[in-house]
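In: Next come a sequence and a model predicted from it.
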Amino acid sequence: MDRASGCGPEGCRFESYWAHMNLSTSVEKLPHVGPAYQKRLKKLGIKTVRDILFHFPHRYEDFSNMVPIAKAKLGQPLSIQGKILEIKNIRTFRKRMTLTQAIVGDKSGAIKVIWFNQPYLINTLKKGDSLFLAGKITSKASSRYLSSPAYEKIPDNVESLDLTHTGRLIPVYPETEGLSSRWLRFIVKPLLTKLKKGIPDSLPEKLREKRKLLPLEKAIWQIHFPDSLKSAGEAKERFVFEELLNLSLVVLRERMKLAKEKAIAIPLNLSLTKKFTNSLAFKLTDDQKKATWQILKDLEKPRPMNRLLEGDVGSGKTVVATIAALNVAKAGFQVAFMAPTEILTKQHFKTVGKLLKKFNLSIGLITSKESQLKNKKIPRKQLLENIKKGEVNILIGTHALVQEKVKFGKLALVIIDEQHRFGVEQRAHLCQQKNLIPHLLSMTATPIPRTLSLTIYGDLDLSLIKELPKGRRKIITKVIPPENRNKAYSFIREQVKKGGQVFVVCPRIEPSKISQENFAVARVDEGIKQIAASWIEVKAVKEEYEKLSKKIFPDLKVGMLHGKMKNEEKEKIMKDFKSGKTNVLVSTSVIEVGIDIPNATVMMIEGADKFGLAQLHQFRGRVGRGKEQSFCFLFTQVRQSQAQSRDETIVSSTTEFPARLVEEDKSSSSPFASTRVTNQRLRAITVCENGFELAEKDLQIRGPGDFSGQRQWGIPDFAMNSLKDISLVEETRQAAKEILEEDPELKKYPLLRERLKEFRERIHLE
């Protein structure tokens, strides 16, 4: 058996399996796919034959350059054809590995070939065997050799040989441990050979011809085993278009489906709205007014609103949502307001309660641990009964809101913070009125790039708040290299002396970063990994707290906050910080959203490169809420001298510093000096103050999959990355519209309808 490939001699014999095999056949019925390989395939999301065939390469190795051994150049990808002159295994005791060493020759000469830690090859490759080899020539101590090349044996008496691993463009697939691209090629090629003509093409022929896209039979072969890079590109273009078209069709059909549902029409109460806005201590911005109007007009309609309110950190989304909640409550119906964390939930409870103090409404709070009504703790059973009777006008809570025991009597509006997806079925679960679906208002402080809003969130109407409240000053953001850390500490101390307060955020340590020393059993269970990671995060915060309170700022009052604390303890710490009793608060990422401390002027982020752009922007939004100038310092482990040695863009702030700091800024030793930032995310956060601009940067840097947090959507990376192309996105969306306008139920396209059903299940839109 060929251990490297997982099957027998070249060209595995599948003939006896084809009679009952189709695209839905489970991988466990394939030859050479035992229990071990089934588990590995499952890690890649591969369960059926279709999954294997649509597990596309993410790149290609070009081994089409077939050269005589004597002309092989150092470091150049190439293929050679030769005969094994000798082969043996050598044990190296120093590095404790086995080398399989061979001499391969052709008419022009011979070369040494070395494979590392593959001792079984000695049973596969024998002296006298003819074979193709593909790889790169390496040199060490004046010795040239071919290092760990791919190989293919040449059977005797074969007139033509269809190469798989050498002598051509070689597909390299997304892999997992124990599942190599070589093994996948052995499995994929015979499957393609037998089944490619049996794969139904769901892409409408008329559309395919208009776009000059390859038919499926040709495209699926060329994306796996392309004749050229051009052919591979044409195949990829076809599949990208198809994936984006399917995505657009799904979200547009969701919109059409929702339009057929019924909801409670809430009349627009202008006098009530005016009374509310007059009660505010500030004036609404034009963007807030526009968003409010769009939402209130949606609520008037007898079909469910499905709107996403996008606004930068501190732009005033909660006020707009409160106006909507007030209109619904005063019309005699209920509002459910859901937030992702207890801290943010309580912040909303306090804020909404304060804003609606004069309007005589019953506002409740429910989390996994407590229940309140009108700022008084009550038994959960009593609160649930009041909710069911419709006596609680607005209920604010965590995901405890969607538990089976929570039943609303007159629910008409669901408001969700930082969760864009909340499907019809979930809304129906909350609502007891038959055949009625509550309106939905989602809010996010992470603005969504246009391409994503047209596709992934294409079923949501958008309201934008780009304008910040008047009086807000730009937050000065700087990257602080290690050598300038002490100067930054001195500056922070001065800020505290002036009456300011400081946030210090420590990075979250992911489970994959856990060392064996810290957590040897991390391999056992994913849930245990998560628990371990959170405790290590706590440890990091405790260490930072000890350092700052005892060594750096012994003269200041330093507090500590993390998710493992009891609620009462967390509330006391936040209360002390808000009242000014604490100068510096060291925290985990629990302060990412929902903390409003107008007196905080400095955000100090340790290990800033460990966070994503959206998180950094959220952290930065915790300061700058008062009248004083605020600062955000991004601490990294990259020294300034190292950063300047690389060819990176110089980042400088256009905001004017105080006079004393302008002079310091000219010195390369200043913590505020312009520095060459080695990390693109940090470079973006220092120059982008607007969250909408930052979202586009995030899309460019990380790609849509990471940006939207949707790694589990099941959309291939190559298609997700194409969401950066706005013209392509608009083309596919227009094509989807034309198809649905002509045939909303897709009766003319049964293959496409069936394909969309599978696609809908795969991408988990709700």
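Out: The structure has been received and is ready for your questions.

In: Could you use CA atoms for every contact and neighbour count after this?
Out: Fine.

In: I'd like the domain boundaries of this structure, if you could list them.
Out: For the chain, automatic domain parsing gives the domain ranges 1-58+173-199, 61-172, 270-300+316-444, 476-688.

In: Compute the first-to-last residue distance for the second one.
Out: Terminal residues of domain 61-172 lie 7 Å apart, using CA to CA, to the nearest Å.

In: Need the mean per-residue confidence for that domain.
Out: Averaging pLDDT along domain 61-172 yields 88.

In: what about the residue of the chain positioned farthest from its centre, distance to residue 79?
Out: Relative to the centre of the chain, and counting by CA atoms, centre = their mean, the farthest-placed residue is residue 107 at 53.5 Å. Using CA to CA, one obtains 15 Å as the distance from residue 107 to residue 79.

In: quick one on the thing from earlier: and the domains of the chain: which comes nearest residue 460?
Out: domain 270-300+316-444 (8.8 Å; CA to CA).

In: Now do the contacts for the residue lying closest to residue 613 once chain neighbours are set aside.
Out: Leaving aside its sequence neighbours, residue 613 sits nearest to residue 681 (CA to CA, 6 or more residues apart in numbering; 6.0 Å). Contacts for residue 681 (CA atoms under 8 Å, 6 or more residues apart in numbering) come out as 609, 612-613, 698, 701.

In: between those, which is nearest residue 549?
Out: residue 609 (24.1 Å).

In: right, and the closest one touches residue 682 too?
Out: Yes: using CA atoms under 8 Å, residue 609 is in contact with residue 682, at 7.0 Å.

In: any chance of the domains of the chain in JSON lines, plus distance to residue 762?
Out: Below are these laid out as JSON lines (distance: least, CA to CA, whole Å):
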{"stretch": "domain 1-58+173-199", "distance to residue 762": "10"}
{"stretch": "domain 61-172", "distance to residue 762": "24"}
{"stretch": "domain 270-300+316-444", "distance to residue 762": "15"}
{"stretch": "domain 476-688", "distance to residue 762": "23"}
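
In: Could you tell me the least trusted of the ones you listed?
Out: Across the domains of the chain, the lowest-scoring stretch is domain 476-688, with a mean of 69.

In: Give the buried residues for stretch 296-315.
Out: Buried residues in stretch 296-315, defined by neighbour count with 16 or more other CA atoms under 10 Å: 296, 298-315.

In: cool, and stretch 53-61?
Out: Buried residues in stretch 53-61 (16+ other CA under 10 Å): 53-57, 60-61.

In: try stretch 615-634
Out: 615-626, 628-634.

In: pretty sure residue 25 is in contact with residue 48, am I right?
Out: Yes: look at residue 25 against residue 48 with CA under 8 Å: they come within range, at 5.5 Å.

In: related to what we said a few turns ago, if you look at the buried residues of stretch 615-634, which of them are in strands?
Out: Among those, the members found in strands (DSSP state E) are 631-634.

In: and which of those residues is nearest to residue 371?
Out: Scanning these for proximity to residue 371, where the rule is CA to CA, the winner is residue 632, at 36.2 Å.

In: got the contact list for that closest one?
Out: So residue 632 contacts 475-478, 602-605, 620 (CA under 8 Å, 6+ apart).

In: which helices and strands sit right next to the lengthiest helix in the chain?
Out: In the chain, with assignment by DSSP state H, the single longest helix is helix 229-260. The criterion is 3 or more CA pairs under 8 Å, 6 or more residues apart in numbering; DSSP states H and E, and the helices and strands that helix 229-260 contacts are helix 216-224, helix 717-721, helix 726-742, helix 750-763.

In: Compare those helices and say which comes out lowest on pLDDT.
Out: helix 717-721 (a mean of 71).

In: quick one, helices of the stretch 151-300 of the chain?
Out: 181-195, 205-210, 216-224, 229-260, 270-279, 286-299 (DSSP state H, counting those that start in this stretch).

In: what's the shortest one packed up against?
Out: With contacts defined as 3+ CA pairs under 8 Å, 6+ apart, helix 205-210 has no packing partner among the helices and strands.

In: Same question for that helix: list its buried residues.
Out: residue 208.

In: try the longest one
Out: With burial defined by 16+ other CA under 10 Å, the residues of helix 229-260 counted as buried are 231-232, 234-255, 258.

In: returning to what we had before: so of the buried residues of stretch 296-315, which ones are in strands?
Out: 306-311.

In: Of those residues, which is the nearest to residue 441?
Out: residue 307 (5.1 Å).

In: I'd like to know which of the contacts of residue 632 are part of strands.
Out: Short answer: those in strands (DSSP E) are 476-478, 602-605.

In: now the helices for the stretch 1-150 of the chain?
Out: Going by DSSP H, counting those that start in this stretch, the stretch 1-150 of the chain shows helices at 35-43, 49-53, 121-124.

In: what's the closest of the ones you listed to residue 359?
Out: Using CA to CA, the helices of the stretch 1-150 of the chain put helix 35-43 closest to residue 359, at 54.1 Å.

In: can you give me the angle the closest one makes with helix 181-195?
Out: 90 degrees (axes from the mean of the first three to the mean of the last three CA atoms, to 10 degrees).

In: For helix 35-43, which residues meet the burial criterion?
Out: 37-38, 40-41.

In: what's the distance between residue 123 and residue 694?
Out: 57 Å.

In: between the two, who's got more neighbours?
Out: residue 694 (23 against 10; other CA atoms under 10 Å).

In: what sits against that one?
Out: 613, 684-685, 688.

In: Among those residues, which ones are in strands?
Out: Per DSSP E, the contacts of residue 694 never map to strands.

In: I'd like these written out as a markdown table, with distance to residue 211 added.
Out: Shown next, in a markdown table, are these (distance: CA to CA, whole Å):
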| residue | distance to residue 211 |
| --- | --- |
| 613 | 36 |
| 684 | 36 |
| 685 | 39 |
| 688 | 38 |
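
In: Which among the residues you listed count as buried?
Out: Buried among those (16+ other CA under 10 Å): 613, 684-685.

In: on contacts alone, who are the packing partners of the longest strand anywhere in the chain?
Out: Counting residues, the longest strand in the chain under DSSP E turns out to be strand 78-92. Judged by 3+ CA pairs under 8 Å, 6+ apart, strand 78-92 is in contact with strand 97-106, helix 121-124, strand 130-135.

In: Now do the last one: everything it contacts.
Out: Contacts to strand 130-135, defined as CA under 8 Å, 6+ apart, come from residues 63, 77-84, 146-155, 165-167.

In: Swap in 6 Å and give it another go.
Out: 77-83, 149-154, 166 (CA atoms under 6 Å, 6 or more residues apart in numbering).

In: for the longest one, same thing?
Out: Strand 97-106 is contacted by residues 82-91, 110-117 when judged by CA under 6 Å, 6+ apart.

In: could you flag which of these are buried?
Out: 82-89, 110-115, 117.

In: Which one of the residues you listed is nearest to residue 280?
Out: Closest to residue 280, out of all of those and judged by CA to CA, is residue 117, at 72.2 Å.

In: Find the nearest non-adjacent residue to that closest one, please.
Out: residue 98 (4.9 Å).

In: Tell me what residue 584 is bridged to.
Out: residue 502, residue 558 (DSSP bridges).

In: Pull the contacting residues for it.
Out: With CA under 6 Å, 6+ apart, residue 584 has these contacts: 501-503, 558.
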